[in-house]
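Student: here is my input, please return the structure:
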Amino acid sequence: MALLHNRVSQKELKQRLMQETEPRTTLSFYRYVPIGDPRTFRDELYQGLNKLAVFGRIYVAAEGINAQISVPTPAFSALQSWLDAVPGLEGLRLNIAVDDDGKSFWVLKIKVREKIVADGIDDPAFNMARKGQYVDAAAFNRLTEDPGTVVVDMRNHYEYEVGHFENAIEVPSDTFREQLPLSVNLLKDKKDSPIIMYCTGGIRCEKASAWLLHQGFTNVYHLEGGIIHYANTVKEKGLENKFRGKNFVFDDRMGERISGEIIAHCHQCGRPADTHTNCRNDGCHLLFIQCADCAARYEGCCSADCRDTLHLPEDERRERRQAAARAAGETASEDGEGLPHVFNKSRSRLRLPDRHAEKD
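Tutor: Prediction:
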């Protein structure tokens, strides 16, 4: 069977999305479940979800499925019913986006990969069946009141920078693959301490919790449904919100507001800001944080050079893009499709926080 995929241009699809009047709901889900024939499973998913006008990005592998999608809001129940009828996907937890305008995706892409989250693990003895204990929002809040509990953020440095839980440890990295060995080393003196791991929707921290147990840690938890489910739960149940700032998301929104604080700073002028953008220069596309004033001054670019490049003739811009691509080697991030390189200050933040230090 020929691979099922969209044949309309990205530009046209995005224009169609912007013209839609029917509301959409953005959501995510994942499950570690054995899939015997990922390619056939992928095509069956595409046929079913395409009929429901679902857009988004889905990865399928022998170890399971990882999805970030949007669906027309009136078709949400139909989507749930359809997923429940797929063997292995019954009763999925669907994480509804916190801050959603329905314009997160404009095409359906389903890709077969070796792993649903790239981890670099090649140990045949590792088994996802033995993983940390789930904790819900209430249990998370309760456990983190204990100063002996270690809270670990299993997201990339640019995600941590704009928002994270109080007293959470950052594992500075560009990819989850890098984080796993770093986290084991960073926590090596905490093997018997209560450790709670979290991430955006749960997929990375679930695997990380299993990896720590495999490495001899004894008391490992992970936040059920990640930051997204936590934020929805504390709002619904009136619980204290221990998350500070914005939750970075891998779609066109690039972030959803969880609390009112702005904890990051513009990478150009240093003023408080937490809006991520990709440099408008097609030969750069650096992911960085930019305030509104700098966005106007630099025309959405990361530097004066990139801003000036925007005004060059197209053939000269193309030549510069090709040179930049050759120099960079097209090294895209493992965890963020379309985010080839990022402004990285994280290495200097490799430390355990002092939980007893006076707060600002």
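
Student: every contact and neighbour count from this point should use C-alpha atoms.
Tutor: Will do.

Student: strands of the stretch 201-350 of the chain, start to end?
Tutor: Along the stretch 201-350 of the chain, counting by DSSP state E, counting those that start in this stretch, strands occupy 220-223, 243-247, 256-257, 276-278, 287-289.

Student: I'd say residue 173 and residue 160 touch.
Tutor: No - taking contacts as Cα atoms under 8 Å, residue 173 lies outside contact range of residue 160: 10.2 Å.

Student: neighbour count winner among those two?
Tutor: Taking neighbours as other Cα atoms under 10 Å, residue 173 and residue 160 compare with residue 160 leading, 24 against 21.

Student: now do the contacts for that one.
Tutor: Taking Cα atoms under 8 Å, 6 or more residues apart in numbering, we find residue 160 in contact with 153, 170.

Student: give me the element it is part of.
Tutor: Residue 160 is part of helix 157-162, with elements assigned from DSSP states H and E.

Student: for stretch 63-71, what is the average pLDDT?
Tutor: Taken as a whole, stretch 63-71 carries a mean pLDDT of 95.

Student: what does that stretch contact?
Tutor: Residues outside stretch 63-71 that contact it (Cα under 8 Å, 6+ apart) are 24-35, 52-60, 79, 102, 104-105, 115-117, 203.

Student: just those residues: which are in helices?
Tutor: Counting by DSSP state H, the contacts of stretch 63-71 place 79, 203 in helices.

Student: from the contacts of stretch 63-71, which would you call buried?
Tutor: Among the contacts of stretch 63-71, those classed as buried by 16 or more other Cα atoms under 10 Å are 24-33, 35, 52, 54-60, 79, 102, 104-105, 115-117, 203.

Student: surely residue 26 is in contact with residue 99?
Tutor: No - using Cα under 8 Å, residue 26 is not in contact with residue 99; the gap is 9.1 Å.

Student: domain ranges for this structure, per the record?
Tutor: Structural domains assigned to the chain are 10-112, 133-244, following automatic domain parsing.

Student: so which of these comes closest to residue 315?
Tutor: Closest approach to residue 315 among those is made by domain 10-112 (20.8 Å; Cα to Cα).

Student: return the distance of that closest one from the chain's centre.
Tutor: Relative to its parent chain, domain 10-112 has a centroid offset of 16 Å by Cα atoms, centre = their mean, to the nearest Å.

Student: do the same with stretch 242-259
Tutor: The gap between where stretch 242-259 is centred and where its chain is centred comes out at 10 Å by Cα atoms, centre = their mean.

Student: once you drop chain neighbours, what's closest to residue 28?
Tutor: Using Cα to Cα, 6 or more residues apart in numbering and skipping the chain neighbours, the partner closest in space to residue 28 is residue 68 (4.3 Å).

Student: for the helix or strand harbouring that neighbour, which strands pair with it and how are they oriented?
Tutor: In the assignment (DSSP H and E), residue 68 maps to strand 64-72. Strand pairing for strand 64-72, determined by DSSP bridges: strand 24-32 (antiparallel), strand 55-61 (antiparallel).

Student: picking up where we left off before, with distance to residue 72 and mean pLDDT as added columns, please give the strands of the stretch 201-350 of the chain in TSV.
Tutor: TSV is the format used below for the strands of the stretch 201-350 of the chain (distance: least, Cα to Cα, whole Å; pLDDT from 0 to 100):
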stretch	distance to residue 72	mean pLDDT
strand 220-223	28	96
strand 243-247	23	95
strand 256-257	20	90
strand 276-278	26	92
strand 287-289	29	92
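
Student: could you redo the domains of the chain as CSV and give each row distance to residue 299?
Tutor: Output for those, formatted as CSV (distance: least, Cα to Cα, whole Å):
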stretch, distance to residue 299
domain 10-112, 21
domain 133-244, 22
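
Student: tell me which of those is the most buried.
Tutor: Mean neighbour count (mean count of other Cα atoms under 10 Å) peaks for domain 133-244 among these, with a mean of 20.

Student: endpoints of that one, how far apart?
Tutor: End-to-end distance of domain 133-244: 24 Å, with Cα to Cα, to the nearest Å as the criterion.

Student: same question for stretch 89-99.
Tutor: The first residue of stretch 89-99 is 26 Å away from its last residue (Cα to Cα).

Student: do the same with stretch 93-112
Tutor: 22 Å.

Student: what's across from the closest residue to residue 113 other than its chain neighbours in the sheet?
Tutor: Of all residues not flanking residue 113 in the chain, residue 61 sits nearest, at 5.2 Å (Cα to Cα, 6+ apart). For residue 61, the beta-bridge partners under DSSP bridges are residue 64.

Student: give me the residues contacting stretch 248-256.
Tutor: If you take Cα under 8 Å, 6+ apart as the criterion, stretch 248-256 is touched by 97-100, 103-105, 159, 162-163, 200, 246-247, 275-277, 336-337.
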